[in-house]
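model the structure of this input:
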Amino acid sequence: MQEDSRSDATKHVLKILVVHGANGEDPVDAALLLEGKEMMPGCGSTAKACTLLMGLIYALNLAYPPTLRYTFEVFQKLFLGLDGIKLTPKVQVLKLNLLS
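You can find the predicted model right below:
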């Protein structure tokens with residue numbers, strides 16, 4: 001099962017690969033994939049992998065994939081509080097719904 005997930009990863013630009021145990025229990029590890037290559041294996045947790053992914057995007061000055069634009073904007077502006085003044089209308093609506 002783990003090998004199938006890793007081979008499928010070559011189709012994605014940015015991805016967090018979460019590895020579950022044999023019985024499908026809680027995640028046992030996470031890794032970062034960039035353009036189909038495993039860049040940072042052994043992240044430990046999904047939260048740490050998300051943080052490292054955002055750091056990697058900023059360090060390498062990467063553009064967000066168009067299909068994940070709003071997902072990354074929510075991470076950047078709502079969760080991390082970076083450049084939170086300039087929000088797209090979709091993210092602004094989400095922010096208002098979360099705060100109400």
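
for the most centrally placed residue in the chain, which non-adjacent residue is spatially closest?
Geometric centre of the chain, nearest residue: Cys50, 4.8 Å, by Cα atoms, centre = their mean. Closest residue to Cys50 in three dimensions, ignoring its sequence neighbours and counting by Cβ to Cβ, 6 or more residues apart in numbering: Ile16, at 6.6 Å. Yep, even glycine has a C-beta here, placed from its N, CA and C like the rest.

contact partners for the one you found?
When the contact criterion is Cβ atoms under 8 Å, 6 or more residues apart in numbering, the partners of Ile16 are Ala30, Ala31, Leu32, Leu33, Thr46, Ala49, Cys50, Leu53.

cool, and Phe75?
Cys50, Met54.

which pLDDT value belongs to it?
Phe75 is assigned a pLDDT of 84 by the prediction.

A helix includes it, no?
Yes: judged by DSSP: H, G, I helix; E, B strand; the rest coil, Phe75 forms part of a helix.

what about this structure, any weak spots by pLDDT?
Where the chain drops to pLDDT under 70, the residues are 1-12.

change it to 50
1-4, 6 (pLDDT under 50).

which stretches of it form strands?
14-20, 27-34, 37-40 (DSSP state E).

mind listing what's buried in stretch 68-82?
For stretch 68-82, the neighbour count (16 or more other Cβ atoms under 10 Å) marks Phe72, Glu73, Val74, Phe75, Gln76, Lys77, Leu78 as buried.

that's all I had, so thanks and see you.
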